[in-house]
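Asker: Next input, structure requested:
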Amino acid sequence: MKMKKNLVDFFYELGQLKRVKRSGWWLIGIKDPESVAEHSFRAAAIGYILAKKENVDSSKVVLACLFNDLHEARINDLHKVGHKYIDFKIAETKAFSDSMKNLPDDAAKELQDIFAGFQLQDTKEGIVARDADLLECVLQAKEYIKHGKSEAQNWIDNTRKLIYTDSAKKLFKDIEKSDPDHWWKDLKKIDR
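Answerer: Predicted structure coming up:
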């Protein structure tokens, strides 16, 4: 793998995703929503598990989840209301492609192929990664609902029809019935 001069710049660019907030939640009054990096991390973890359940290449799914929002370091996150007025796909593709210029050629090609599969939904891995991305939003919506933002139910309702794989559909149903705080409640037992 040939190293390019601006590889370090690429890593700083990734760091910008820690500061880019997921803007859709602003519509319901979430003042400090999670960052794109936080979203991508949990989506990648979900993607890994879904890939195993769907018997597809987990490394490609995880890479798609980690990198599909890379363009937002350059053009920010735009919520779905904004997408109604701007063809964001063109800007996403250009920004992603420009980001790849700082990477070694083989890494750039692999990530561009994975990004295309995610955008076009024409690979099994892209489809699974999209389901993981959507499920992460459903989990986040459940967390916001738990903390008083009932309007987040809209994200759950809109996502229901977008989930594609059987494993993701089952997980979606489990999330709907879940309590976001359940995982820690039994851990907090006090011994005498």
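
Asker: Output the lowest mean pLDDT helix or strand found in this protein.
Answerer: helix 80-83 (a mean of 80; mean pLDDT, DSSP states H and E).

Asker: Now the following helix or strand past it: buried residues?
Answerer: Sequence-wise, the next helix or strand downstream of helix 80-83 (DSSP states H and E) is helix 88-100. For helix 88-100, the neighbour count (16 or more other CB atoms under 10 Å) marks 88, 92, 95-96, 99-100 as buried. Where C-beta positions appear, they are placed from N, C-alpha and C, glycine not excepted.

Asker: Dump those residues into CSV; add pLDDT as well.
Answerer: Output for the buried residues of helix 88-100, formatted as CSV (pLDDT from 0 to 100):
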residue, pLDDT
Phe88, 83
Glu92, 89
Ala95, 92
Phe96, 93
Ser99, 92
Met100, 94
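
Asker: from those, which is closest to Ser59?
Answerer: The nearest member of the buried residues of helix 88-100 to Ser59, counting by CB to CB, is Met100 at 18.1 Å.

Asker: Which residues are in contact with the residue nearest to Glu143 when sequence neighbours are not counted?
Answerer: Of all residues not flanking Glu143 in the chain, Pro180 sits nearest, at 4.7 Å (CB to CB, 6 or more residues apart in numbering). By CB atoms under 8 Å, 6 or more residues apart in numbering, the contact set of Pro180 is 139, 142-143, 146.

Asker: Need the buried ones from those residues selected in ChimeraX.
Answerer: Selection of buried members from the contacts of Pro180 for ChimeraX, criterion 16+ other CB under 10 Å:
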select :139,142
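
Asker: Compile the contacts of Pro180 into TSV and extend it with columns for pLDDT.
Answerer: TSV is the format used below for the contacts of Pro180 (pLDDT from 0 to 100):
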residue	pLDDT
Leu139	98
Lys142	97
Glu143	96
Lys146	95
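
Asker: Reformat the contacts of Pro180 as JSON lines; add secondary structure and distance to Gln121.
Answerer: Below are the contacts of Pro180 laid out as JSON lines (DSSP: H, G, I helix; E, B strand; the rest coil; distance: CB to CB, whole Å):
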{"residue": "Leu139", "secondary structure": "helix", "distance to Gln121": "21"}
{"residue": "Lys142", "secondary structure": "helix", "distance to Gln121": "25"}
{"residue": "Glu143", "secondary structure": "helix", "distance to Gln121": "27"}
{"residue": "Lys146", "secondary structure": "helix", "distance to Gln121": "31"}
